[in-house]
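Novice: Dropping a prediction and its sequence here:
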Amino acid sequence: MVDRSDLGPWLVLWGVVCAITVAVQWSRRTPSMGLPLAYLLSLSMIHLLGGLIYALPWYEPQGAYLLQAGASATQVATGFVTSAYGVLGFGLGSTFLAPWVVRVVKPGWLREIPQRPALKLPTRLLQIGLFFFLVVTPLARVIPGLQAISTAGVYIFVAAICLSCWQAWQQRDGKQFILWLAMACSLPLVTIATIGFISYGTAATLVVLIFVSSFYRPRWQAIIAACLVVVLGLSIYVTYMRDRGEIRRIVWGGEGSSSRYEIILATFRNFETIDLRNQDHLELIDTRINQNGIVGQAVEYIGSQRATFAEGKTIVAAMVAPIPRLLWPGKPVMAGSGNLVTDYTGQSFAEGTSVGVGQVLEFYLNFGHGGVFLGFLTLGMVLRVVDMVAAYKLVCGNYWGFLVWFLPGLGMIQPGGSLVEVVGSTAAAAVLIWGLRFFSTAPRQPNVYQI
């Protein structure tokens, strides 16, 4: 087990990996659409922030929930160090191993003939994405087998905004570019008002902003904007969490749009700026988005021999996840994390409570720290290859080719979910975009953009 006073070097390591990933994304040698950085920052939300607050000497959990059911400081520190093994593997896989593999293998699908982009495609994709969000997603709650497809449909909406930003930038249309960015930044408010959750909109906004940062110039403006986004994002989070119960009571209670608008306006009228010396703010992070605790509990639980390593069982389950339940009605694999967290931490949760296992814990419960490092090494390599291919397709004007790679890449950015969820949604995104492309007859023409 690790003492919280020893977290400093691991925090520095995490920061170095993030810095190197940003440098690689902004390098002109190999293009990037930001998928590895999006994953790394999403992972940082649920592990780095938790490690950071426990490294603060003045923070001591005081809330009733944290004292009764939460992890100890030692368990949190142990969980964070375990996640740092994963970050190190991810960094090596995405920044060094993936480019080396591409240079050695020289796959044919990296070669691309420049062509004229399908300029109307982003608008069509926005319409398709809205259809999935407004029609298919509600149906997925009652019809088995539609969950993965509905999630993939939402990815189409996010990809459409990314393409719209790219197109506006290439055409030097500043007004349109700002308009699409503003739409992306408003997604957290949209998801709060429609479904009562901020996480889905935040994840979508993060993907778009990182995508834009891959080509935005000048870089110094992107750096300043990134710092502001971090502060603003955390401030929005603590403000939302303060009034989350009342917001969800109105949204889930079926209140009209005027009532939803009033409660959201009232919440943000009393806006709070993130303060790392504010006990309430730190406990909101610790209670809701800090997954280091359950990882540390699993390390201790398995170490005391109250559970044994799964030795790849959940990975095998993830491999069969893409098989549709319509073809295999009795498929034993279910979406979500099931009882994995309880089975490997010994902690019970209230009925109806959903606790995501996350990739750090899932790789650990299979093969220990070595499994965390190698699992994230592989994940980083695969995601970076997908990212490079998507980037090559986009800069050559092949919008469909970009989407065929980018959408499955978005499905992989779920660091808090189980491998079953990741593989299932990635496969669903691939199937959906291939289906849409099959019914498209967009002709190839010479490219008119300067690459």
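Specialist: Ah, there it is.
Novice: buried stuff in the longest helix seen in the chain?
Specialist: For the chain, the helix with the greatest residue count under DSSP state H is helix 358-395. Of the residues in helix 358-395, those buried under the neighbour-count criterion (16 or more other C-beta atoms under 10 Å) are 358-368, 371-377, 379-395. C-beta here means a position set from N, CA and C on the backbone, and glycine is covered the same way.
Novice: The residue nearest to residue 48 when sequence neighbours are not counted and residue 292, how far apart?
Specialist: Of all residues beyond its chain neighbours, the one nearest residue 48 is residue 14 (5.6 Å), with distances taken as C-beta to C-beta, 6 or more residues apart in numbering. Here the criterion is C-beta to C-beta, to the nearest Å. By it, residue 14 lies 12 Å from residue 292.
Novice: Which residue of the two possesses the greater neighbour count?
Specialist: Residue environment comparison for residue 14 versus residue 292 gives the larger neighbour count to residue 292, 29 against 24, counting by other C-beta atoms under 10 Å.
Novice: Isn't the more buried one up against residue 79?
Specialist: Yes: with the criterion set as C-beta atoms under 8 Å, residue 292 and residue 79 qualify as a contacting pair; they are 3.4 Å apart.
Novice: Now the common contact residues for the two.
Specialist: With contacts defined as C-beta atoms under 8 Å, 6 or more residues apart in numbering, the residues adjacent to both residue 292 and residue 79 are 47, 50, 71.
Novice: Just the C-alpha atoms of stretch 209-225, please, in PDB.
Specialist: Coordinates of the C-alpha atoms in stretch 209-225 are reproduced here as PDB (Å, rounded to 0.1, in the frame of the first residue of the first chain):
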ATOM      1  CA  LEU A 209     -12.200  21.000 -28.200                       C
ATOM      2  CA  ILE A 210      -9.300  18.600 -28.300                       C
ATOM      3  CA  PHE A 211     -10.100  17.900 -32.000                       C
ATOM      4  CA  VAL A 212     -10.000  21.600 -32.700                       C
ATOM      5  CA  SER A 213      -6.700  22.100 -30.800                       C
ATOM      6  CA  SER A 214      -5.000  19.600 -33.200                       C
ATOM      7  CA  PHE A 215      -5.200  22.200 -36.000                       C
ATOM      8  CA  TYR A 216      -5.900  25.500 -34.300                       C
ATOM      9  CA  ARG A 217      -3.300  28.300 -34.700                       C
ATOM     10  CA  PRO A 218      -1.700  30.100 -32.900                       C
ATOM     11  CA  ARG A 219      -0.800  27.500 -30.300                       C
ATOM     12  CA  TRP A 220      -0.400  29.900 -27.500                       C
ATOM     13  CA  GLN A 221      -4.100  30.800 -27.700                       C
ATOM     14  CA  ALA A 222      -5.000  27.100 -27.500                       C
ATOM     15  CA  ILE A 223      -2.800  26.800 -24.400                       C
ATOM     16  CA  ILE A 224      -4.500  29.700 -22.700                       C
ATOM     17  CA  ALA A 225      -7.900  28.400 -23.700                       C
END
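Novice: Show the contacting residues for residue 157.
Specialist: Residue 157 neighbours (C-beta under 8 Å, 6+ apart): 125, 126, 128, 129, 130, 132, 133, 204.
Novice: Quick one: name whatever helix or strand follows the host helix or strand of the fifth one.
Specialist: When secondary structure is defined using DSSP states H and E, the element that contains residue 130 is helix 121-131. Next in sequence after helix 121-131, counting helices and strands by DSSP H and E, comes helix 137-140.
Novice: Mind giving me the packing neighbours of that following helix?
Specialist: Judged by 3 or more C-beta pairs under 8 Å, 6 or more residues apart in numbering; DSSP states H and E, helix 137-140 is in contact with helix 147-170.
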